[in-house]
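**Student:** Fold the following.
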Amino acid sequence: MNRREFAMLGVGALAAAVMPVRSMTAAMAASTPAAGAGADALKYVDPALQAAARETLKFAPITSIDAKVLKDMRGMSEKFAGARLPDVPVQEQQVPVGGGAPDVTVYVINARPGDRRPGILHTHGGGYIAGSAKWEVPRLQKLAQEMDCIIISVDYRLAPETTYTGSIEDNYAGLKWMYNRAAQIGLDTTHIALMGESAGGGHAARLAITARDRREVPIALQVLVYPMLDDRTASSRAVPPFIGAIGWGPEANRYGWQAFLGQQPGTSTVPAAGVPARVSDLSNLPPAWIGVGSIDLFVSEDMEYARRLIDVGVPTELYVVPGAFHGFDVIGADTEPAARFTKSKLDALRRAFGK
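**Tutor:** Down below sits the predicted model:
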């Protein structure tokens, strides 16, 4: 497996969407895309993304997860993390969370003590059950270099070992640490953005709500990249068969939410505290950029979240890419749709940072 193929594991919820390790080799040997809804969905894919979609379909959709599969998924991906850039400094810090919780690890990228530069608090993807801030460091180094900013990436605790109550506090502890040590890391506290992909986008949205409610850290922008926002998608709310058929799909989504919430998703008893889309009041949140593909499983929930933000006066940019699937900007990074998507995202950050 080369690095480009494995990029699906490193960013967004695709880390949790790959098949169990023990069946991967056989599936990758197939010369044609997987049969069923995924193959049928190819007709909805932008022509520029067809090759990336077919590559994605070499990975069979996940239908079940047990402890062994989950361990394999987490451990396998780590060895494929890219090499770090030698000229962009990275520090690893242990941050107290409080309340009897263990300290959380954060990666401090591109700090410059005594300076005043914008900052990003990043939360990684992985369906709430996989992924690691450590794997994201090389990619975030490049982003920090391009944006001339600081990035703090939080290695929050994963589900099912820890439900949303723990990871919310991990991420908020990372944000508070970032804010309180502005002078030491060279942060301009008036220009802090929250950013995450897939489940990381869900964490970023939840963190924006938490920061608003606690009124301790001002946030300039939330950048939600195909965010995982609503447990009702593909549980109590059906989706068309071609939506979510490439990349992250319904089965994986139900498992991720159940692990994260500690209960069955889609029911009336699901706590709003763990699900951004269930929070009734979205007013007074920071401006938002939300990007998603039109055949991503999350497209409807992301569009609805954007509509609700707009309805309460939150400045919101919604960027929907026709014919794009979950993680298309990673596996199809060299395509024109991915380039436009990434440019829109970075332009939103530049505006928020006053650049």
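**Student:** show me where the stretch 101-250 of the chain has strands.
**Tutor:** Using DSSP state E, counting those that start in this stretch, the strands found in the stretch 101-250 of the chain span residues 104-109, 117-123, 150-154, 187-197, 221-225.
**Student:** Could you list the low-confidence segments of the chain?
**Tutor:** Applying pLDDT under 70 to the chain flags the ranges 1-36, 60-64, 76-80.
**Student:** What segments of the stretch 201-350 of the chain are helices?
**Tutor:** Under the criterion DSSP state H, counting those that start in this stretch, helices of the stretch 201-350 of the chain are mapped to 250-261, 299-311, 328-331, 336-352.
**Student:** An error on my part: the question was meant for the stretch 1-150 of the chain.
**Tutor:** Under DSSP H, counting those that start in this stretch, the stretch 1-150 of the chain gives helices at 3-10, 14-17, 24-28, 37-41, 50-56, 67-78, 133-147.
**Student:** Give me the contact list for the fourth one.
**Tutor:** Outside of helix 37-41, the residues within contact range by Cβ atoms under 8 Å, 6 or more residues apart in numbering are 33, 53, 57, 61, 241-242, 245-246, 295, 325. Glycine gets a C-beta too; all of them are placed from N, C-alpha and C.
**Student:** How far does that helix sit from its chain's centre?
**Tutor:** Offset of helix 37-41 from its chain centre (Cα atoms, centre = their mean, to the nearest Å): 24 Å.
**Student:** for it, which positions count as buried?
**Tutor:** Under the neighbour-count criterion of 16 or more other Cβ atoms under 10 Å, helix 37-41 has 37-39, 41 buried.
**Student:** C-alpha coordinates for it, PDB please?
**Tutor:** The C-alpha trace of helix 37-41 is given here as PDB (Å, rounded to 0.1, in the frame of the first residue of the first chain):
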ATOM      1  CA  ALA A  37     -24.300   0.900  -4.000                       C
ATOM      2  CA  GLY A  38     -20.700   2.100  -4.200                       C
ATOM      3  CA  ALA A  39     -20.200   1.000  -7.800                       C
ATOM      4  CA  ASP A  40     -23.700   2.400  -8.700                       C
ATOM      5  CA  ALA A  41     -22.700   5.700  -7.100                       C
END
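**Student:** Could you work out the end-to-end span of stretch 68-87 for me?
**Tutor:** The first and final residues of stretch 68-87 sit 38 Å from each other (Cα to Cα, to the nearest Å).
**Student:** Also stretch 193-206?
**Tutor:** 13 Å.
**Student:** Tell me the one of the buried residues of helix 37-41 nearest Arg139?
**Tutor:** Among the buried residues of helix 37-41, Gly38 lies closest to Arg139 (Cβ to Cβ), at 26.2 Å.
**Student:** quick one: that closest one from Asp296, how far?
**Tutor:** 13 Å (Cβ to Cβ, to the nearest Å).
**Student:** now do Gly82
**Tutor:** For Gly82 relative to Asp296 (Cβ to Cβ), the value is 24 Å.
**Student:** neighbour count winner among these two?
**Tutor:** Asp296 (27 against 16; other Cβ atoms under 10 Å).
**Student:** how much space between Gly274 and His203?
**Tutor:** For Gly274 relative to His203 (Cβ to Cβ), the value is 11 Å.
**Student:** Which of those two has more residues huddled nearby?
**Tutor:** His203 (32 against 23).
**Student:** which residues touch the spatially closest residue to Val88 that is not a sequence neighbour?
**Tutor:** Nearest residue to Val88, sequence neighbours excluded (Cβ to Cβ, 6 or more residues apart in numbering): Gln141, at 4.1 Å. By Cβ under 8 Å, 6+ apart, the contact set of Gln141 is 84-85, 88, 90, 109-110.
**Student:** Which of the helices of the stretch 201-350 of the chain has the highest mean neighbour count?
**Tutor:** helix 328-331 (a mean of 26; mean count of other Cβ atoms under 10 Å).
**Student:** I'd like to know how far Arg340 sits from Leu49.
**Tutor:** According to Cβ to Cβ, Arg340 stands 12 Å off from Leu49.
**Student:** same thing with Asp302?
**Tutor:** From Asp302 to Leu49 the distance is 18 Å (Cβ to Cβ).
**Student:** do Ala220 as well
**Tutor:** Distance of Ala220 to Leu49, given as Cβ to Cβ: 32 Å.
**Student:** One more: Arg116?
**Tutor:** Taken as Cβ to Cβ, the span from Arg116 to Leu49 is 40 Å.
**Student:** out of the two, which sits in the more crowded spot?
**Tutor:** Shown here are Arg116 and Leu49; by other Cβ under 10 Å, Leu49 has more neighbours (27 against 13).
**Student:** Make sure that one is actually in contact with Gly323.
**Tutor:** Yes: proximity of Leu49 to Gly323 meets the contact threshold set by Cβ atoms under 8 Å, at 6.2 Å.
**Student:** Could you give the number of residues near the residue nearest to Gln93 when sequence neighbours are not counted?
**Tutor:** Spatially, and ignoring its direct neighbours in sequence, Gln93 is nearest to Val106 (5.2 Å; Cβ to Cβ, 6+ apart). Val106: 26 surrounding residues under other Cβ under 10 Å.
**Student:** likewise the one 4 residues further on?
**Tutor:** Asn110: 25 surrounding residues under other Cβ under 10 Å.
**Student:** contacting residues around the residue lying closest to it once chain neighbours are set aside?
**Tutor:** Of all residues not flanking Asn110 in the chain, Ala144 sits nearest, at 3.8 Å (Cβ to Cβ, 6+ apart). Contact partners of Ala144, counting by Cβ under 8 Å, 6+ apart, are 88, 109-110, 120, 150-151.
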